[in-house]
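[1] Here is a sequence with its predicted model. Questions after.
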Amino acid sequence: MIIVDMFPLWAVYVITVVLVIVAAEIGFRVGIWLQSRDFAFGEIQVTGTMVGGMLGLMAFLIAFSIGIVINQQGERRVMVVTEANAVGTAYLRAGFLSEPDLTSTRNLLREYVEVRLATAADLSQLESGIARSEEIQGELWSIVEANVSQGTLPDAIMVSIVESINDVIDIHSERLAAFNLRLPRLVGIVLYIAMVLSFLLVGIASSSDGKRDIFALTIFALAFVAVFMVIVDLDRPQQGLLTVSQEAMSNLLRQIR
């Protein structure tokens, strides 16, 4: 679905609706041409069965694709909650540290949450947000290393602090991996081509009686493409109408401010 990412959702919807209607019109004209070339009427009628089969195939492809993108969206939601829990745990365990490390660690974790929320809200800040997140991780780890070297805390407490900061760092990589999950390009291409070909066959089938219902075709195209757009929307992390909720991180930020 990389190609359609170049356009906003409304533009993808309009372009696709126009494209499938044009495909149906081309199919209609091809059907009329076939009849004018003395193709047997029965041969044209076979296309009705083909349309049913093609639409059945489309239903399968759509269900398959929606299953993939919903699963990926679910993984992203889980990672937001997991990261919020990890940062919250690290924030609490930072209370075992002595000043000034206690305040420094908690301030860094607070900024970390703010950066994550700002990045999710505005993907134009993605690269800078990731860079700053990794800088904060480095600063947090430096504080942990210094405290381990000093040995001022009991081993059990120090281990718990190290584990909590390490979890924050690890989950960063896992969340990035979940963010980059996309519908396989081949599946998206096949889905789009199959949709256009389906409408091409619809047009050919409608040519058997020499008439076409533009209004009914338009309604069908609008509804059909709307379902396709659900896949496109879900396949765009933090864009469109179906974005991943950041409520867990927002709630955490309110708690630690």
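    It's in.

[2] Buried residues of stretch 60-71, list them for me.
    61-62, 65-66, 68-69 (16 or more other Cβ atoms under 10 Å). Heads up, the C-betas are built off the backbone N, CA and C, glycines and all.

[3] Over to stretch 225-244?
    Buried residues in stretch 225-244 (16+ other Cβ under 10 Å): 225, 228-237, 240, 243-244.

[4] for the stretch 1-150 of the chain, which spans come out with low pLDDT?
    Within the stretch 1-150 of the chain, the stretches with pLDDT under 70 are 1-5, 37-48.

[5] and with 90 instead?
    Within the stretch 1-150 of the chain, the stretches with pLDDT under 90 are 1-11, 27-59, 98-99, 121-126, 149-150.

[6] sorry, back to before: which of the buried residues of stretch 225-244 fall in helices?
    Mapping those onto helices (DSSP state H) picks out 225, 228-234.

[7] Those residues into JSON lines, with extra columns for pLDDT and distance to residue 198?
    Output for those, formatted as JSON lines (pLDDT from 0 to 100; distance: Cβ to Cβ, whole Å):
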{"residue": "225", "pLDDT": "93", "distance to residue 198": "11"}
{"residue": "228", "pLDDT": "91", "distance to residue 198": "11"}
{"residue": "229", "pLDDT": "91", "distance to residue 198": "16"}
{"residue": "230", "pLDDT": "91", "distance to residue 198": "17"}
{"residue": "231", "pLDDT": "91", "distance to residue 198": "15"}
{"residue": "232", "pLDDT": "90", "distance to residue 198": "17"}
{"residue": "233", "pLDDT": "89", "distance to residue 198": "21"}
{"residue": "234", "pLDDT": "89", "distance to residue 198": "21"}
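
[8] Quick check: of the buried residues of stretch 225-244, which lies closest to residue 103?
    For the buried residues of stretch 225-244, the minimum distance to residue 103 (Cβ to Cβ) is 31.5 Å, reached by residue 244.

[9] show me what contacts the closest one?
    73, 76-77, 80, 120, 237-238 (Cβ atoms under 8 Å, 6 or more residues apart in numbering).

[10] what about 7 Å?
    73, 76-77, 80, 237-238 (Cβ atoms under 7 Å, 6 or more residues apart in numbering).

[11] cool, residue 69 as well?
    Shown in contact with residue 69 (Cβ under 7 Å, 6+ apart): 183, 231, 234-235.

[12] continuing past the top helix by length along the chain, what's the next helix or strand?
    In the chain, taking DSSP H as the definition, the longest helix is helix 41-93. Toward the C-terminus, helix 41-93 is succeeded by helix 101-121 as the next helix or strand (DSSP states H and E).
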